[in-house]
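Asker: got a structure for you, letters missing:
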């Protein structure tokens, strides 16, 4: 069963750093620094996406454009480009490989829309409400295959393998999540296993593929893989936190969505495991009702926020972000390294 | 618009051959000959499928087993094995590659179940009615990635490319079909384009991958690819015919399913294009109503059967089966060549 963790001194220190940088001035400065550096790369990514979504079948173009235009951060393709550059890559073939990861991400979003009966995604109606489940599943399949076809152009079995394994592990992660749906007694370790497969794998793959393109040594490749992996866990844990603490306006999607879908995430898992038996019973009942009863949802939300679930999850996210940053230690100082450090910092202070 | 084809003398001859071999004695003899030859290969396929569907996530195993146990013919993996053997392959690594194609096929069936809101598939309830759309989409994704992972073990980019392209073209084909749903005025050429992508591509890929494994020459590889392609078109066209002429007991799925789903297939497309304007208007109306009105469905069915739609489609199927057989001409006489000839024959006389 769940083993309650004791906060370590180092973690407390991390949390203080976090509190410092969450001041909105610090957050905006961080975001602007990243944005300024990646401006040109983002333009290259957008151009390549446009040129790749231009096939003979109009419905594929429509649905694909809709999903990739839904205001994503382009985190995954940016990481491929930045990691390649960190390893010395100076060519232009980084972009097609990068967008393979954006297409993979878009495919999972489309298949998630079927899965969640999602109605809003990033302030826009979910694709399945516009085109139906059928089109959404098939365009998802198309985007999966499209990203594999992009990766094949590098004639490097390892790159193809990374993407194939990512699809495999992501499907496993989503299925695990489905199996645990409605179960608030999932352990922290079980939950983290889902997060690793569902979110961290794709981000670490994006980094690793970039490293390979950049001609990384085996050690560099492994470290950038781990950078992405830790970044991915931090990213997902903060997503879980924001679903409790954010506003719909900030996030571009409804808050409390995880509870409405009967998904127990780390803030609740931690809070519930730390509560006494009576409280546990009360919260389990409210959790099960929270998908259709807004009062119960509020009960669970208040409980999680009052029981340290948000702080604990934030601390875990910070831990992973720091681990990500440590993976960059062996690389010499450079502008691109600074940006990768900043991204790991931004992930834990972001509010969108 | 649709250009009405004139039956050629050669096609008439083919149809007579067909009439001869559809005698149930001929059909059973053909089936038994194939069955006897592939008995051991089928056992090897079943064993490998069993050993591959044995992962840590129970829901993946359950849904995967359910779909691959749904009474399929194992046509695609058998073709991989037989084509490899025809090119001289004598090892045991044919089976994992072969079942990559069965997994691909199973993945498309699962995603089709979501797509069609299917309720019965091969005498069993469709997977989505048992596990829900969510699980079905995700296990489909898992099986896609699984088949790619199997193909990666051959460390041959061409094999990986064949499978990736197949997924890509199949998704395009299914989306095209979706776009034409409810449109009986699709041309024969447009319809055949869907058939090629939706069905023929996977079968030709299974054959081509077997050829590569068997160390085929470029010419042999191309001919086996074309064998599979023609076989696949013949197979799908006979499927379309059986949906008009078969019985639920024979097929293991409801007949008239295409009409119920508002899919115009070649028997209707041909019959409609050959009718006069008044009749066309009547049938278009009945076609649109046939998904919810059994009288209208019967009107369309009778019209198709009386207007030569079934005969025309059968003739086209025979033409493709003969083209498939011609592709085997350059291979010296052998038992495995005979079986591949028999399979192309059986596809057009089968009643299940």
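Answerer: Looks like it came in fine. Computed from a prediction, not measured in an experiment: that's the story for all the values here.
Asker: hey, let's count contacts and neighbours off CA atoms from now on
Answerer: Fine.
Asker: next, give phi and psi for the closest residue to chain B within the stretch 251-352 of chain A.
Answerer: Here the stretch 251-352 of chain A gets closest to chain B at one residue, residue A:261, 12.8 Å apart by C-alpha to the nearest C-alpha. Reported as degrees, to the nearest 10, the phi and psi values for residue A:261 are phi -90, psi 10.
Asker: from residue B:186, how far out is it?
Answerer: Distance from residue A:261 to residue B:186, counting by C-alpha to C-alpha, to the nearest Å: 41 Å.
Asker: what of residue A:314?
Answerer: Residue A:314 is 57 Å from residue B:186, by C-alpha to C-alpha.
Asker: okay, those two: which has more neighbours?
Answerer: Taking other C-alpha atoms under 10 Å in any protein chain shown, residue A:314 and residue B:186 do not tie; residue A:314 has more neighbours (25 against 19).
Asker: now do the helix or strand harbouring that one: distance to the chain's middle.
Answerer: Using DSSP states H and E, residue A:314 falls within helix A:309-326. From the chain centre to the centre of helix A:309-326 is a distance of 14 Å (C-alpha atoms, centre = their mean, to the nearest Å).
Asker: and the stretch 1-150 of chain A, which residues reach chain B?
Answerer: In this structure, the stretch 1-150 of chain A approaches chain B at residues A:57, A:59-60, A:111, A:114-116, A:133-135, A:137-139, A:141-142, A:145-146, A:148-149, judged by C-alpha under 8 Å from any C-alpha of the partner chain.
Asker: please, a PyMOL command that selects the buried ones among those?
Answerer: The buried subset of those, as determined by 16 or more other C-alpha atoms under 10 Å in any protein chain shown, is captured in PyMOL by this line:
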select buried, chain A and resi 59+60+111+114+115+133+134+135+137+138+139+141+142+145+146+148+149
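Asker: just to check, the residue of the stretch 251-352 of chain A closest to chain B is in contact with residue A:291?
Answerer: Yes: between residue A:261 and residue A:291 there is a contact at 6.0 Å, judged by C-alpha atoms under 8 Å.
Asker: so where's chain A shaky on pLDDT?
Answerer: For chain A, the stretches with pLDDT under 70 are A:1-23, A:71, A:115-123, A:251-253.
Asker: and if we set it to 50?
Answerer: A:1-21 (pLDDT under 50).
Asker: the residue located most distally from the centre of it sits in which helix or strand?
Answerer: No residue in chain A sits farther from the centre than residue A:278, which is 34.6 Å out by C-alpha atoms, centre = their mean. Secondary structure from DSSP H and E places residue A:278 in helix A:277-289.
Asker: the stretch 51-200 of chain A: helices as residue ranges?
Answerer: Along the stretch 51-200 of chain A, counting by DSSP state H, counting those that start in this stretch, helices occupy A:58-68, A:75-86, A:94-116, A:127-152, A:157-179, A:188-195.
Asker: out of those helices, which one sits most buried?
Answerer: Most buried of the helices of the stretch 51-200 of chain A by mean neighbour count (mean count of other C-alpha atoms under 10 Å in any protein chain shown) is helix A:75-86; its value is a mean of 26.
Asker: what does that helix rub up against?
Answerer: With C-alpha atoms under 8 Å, 6 or more residues apart in numbering or on different chains as the test, helix A:75-86 has contacts from A:38, A:41-42, A:45, A:94-95, A:97-102, A:202-203, A:206-215, A:224, A:331, A:336-337, A:340.
Asker: with stretch A:174-185 instead?
Answerer: A:186, A:194, A:197-198, A:262-264, A:268-269, A:272-273, A:284, A:287-288, B:57, B:59-60, B:134-135, B:138-139.
Asker: and the end-to-end length of that stretch?
Answerer: 18 Å.
Asker: and the next helix or strand after the helix holding residue A:278 with helix A:277-289, angle?
Answerer: Next helix or strand after helix A:277-289 toward the C-terminus (DSSP H and E): helix A:294-306. Here the directions of helix A:294-306 and helix A:277-289 differ by 130 degrees (axes from the mean of the first three to the mean of the last three C-alpha atoms, to 10 degrees).
Asker: quick one: buried residues of helix A:294-306?
Answerer: A:296, A:297, A:298, A:300, A:301, A:303, A:304, A:305.
Asker: now it and helix A:309-326, what's the angle there?
Answerer: Using the same axes, to 10 degrees: helix A:294-306 against helix A:309-326 is 60 degrees.
Asker: gap between helix A:294-306 and the chain center?
Answerer: Worked out by C-alpha atoms, centre = their mean, helix A:294-306 lies 24 Å from the chain centre.
Asker: which strands and helices sit next to that helix?
Answerer: Applying 3 or more C-alpha pairs under 8 Å, 6 or more residues apart in numbering or on different chains; DSSP states H and E, we find helix A:294-306 packed against helix A:266-274, helix A:277-289.
Asker: ok, 10 Å please
Answerer: Applying 3 or more C-alpha pairs under 10 Å, 6 or more residues apart in numbering or on different chains; DSSP states H and E, we find helix A:294-306 packed against helix A:218-245, helix A:257-260, helix A:266-274, helix A:277-289, helix A:309-326.
Asker: what about the longest one, distance to the chain center?
Answerer: Distance of helix A:218-245 from the chain centroid (C-alpha atoms, centre = their mean) equals 7 Å.
Asker: which SSE is immediately downstream of it?
Answerer: Downstream of helix A:218-245, the next assigned helix or strand under DSSP H and E is helix A:248-251.
Asker: who are the packing partners of that next one?
Answerer: Secondary-structure packing of helix A:248-251 (3+ C-alpha pairs under 10 Å, 6+ apart): helix A:218-245.
Asker: can you tell me how far residue A:184 is from residue A:300?
Answerer: 11 Å.
Asker: residue A:333: neighbouring residues, count only.
Answerer: Neighbours around residue A:333, by other C-alpha under 10 Å: 11.
Asker: do you know how far it is from residue A:86?
Answerer: For residue A:333 relative to residue A:86 (C-alpha to C-alpha), the value is 10 Å.
Asker: and if you look at residue A:224?
Answerer: Where residue A:86 is concerned, residue A:224 sits at a distance of 10 Å (C-alpha to C-alpha).
Asker: which neighbours do those two have in common?
Answerer: The contact sets of residue A:224 and residue A:86 overlap at A:210, A:211, A:216, A:328 (C-alpha atoms under 10 Å, 6 or more residues apart in numbering or on different chains).
Asker: closest to chain B among those?
Answerer: For the shared contacts of residue A:224 and residue A:86, the closest approach to chain B (C-alpha to the nearest C-alpha) belongs to residue A:210, at 19.8 Å.
Asker: related to what we said a few turns ago, can you pick the most crowded of the shared contacts of residue A:224 and residue A:86?
Answerer: In the shared contacts of residue A:224 and residue A:86, the most neighbours by other C-alpha under 10 Å go to residue A:210, 32 neighbours.
Asker: OK, contacts around it?
Answerer: Neighbours of residue A:210 in contact, by C-alpha under 10 Å, 6+ apart: A:77-87, A:89, A:94-95, A:97-98, A:159, A:204, A:216, A:221, A:224-225.
Asker: before we move on, what SS does residue A:332 have?
Answerer: coil (DSSP: H, G, I helix; E, B strand; the rest coil).
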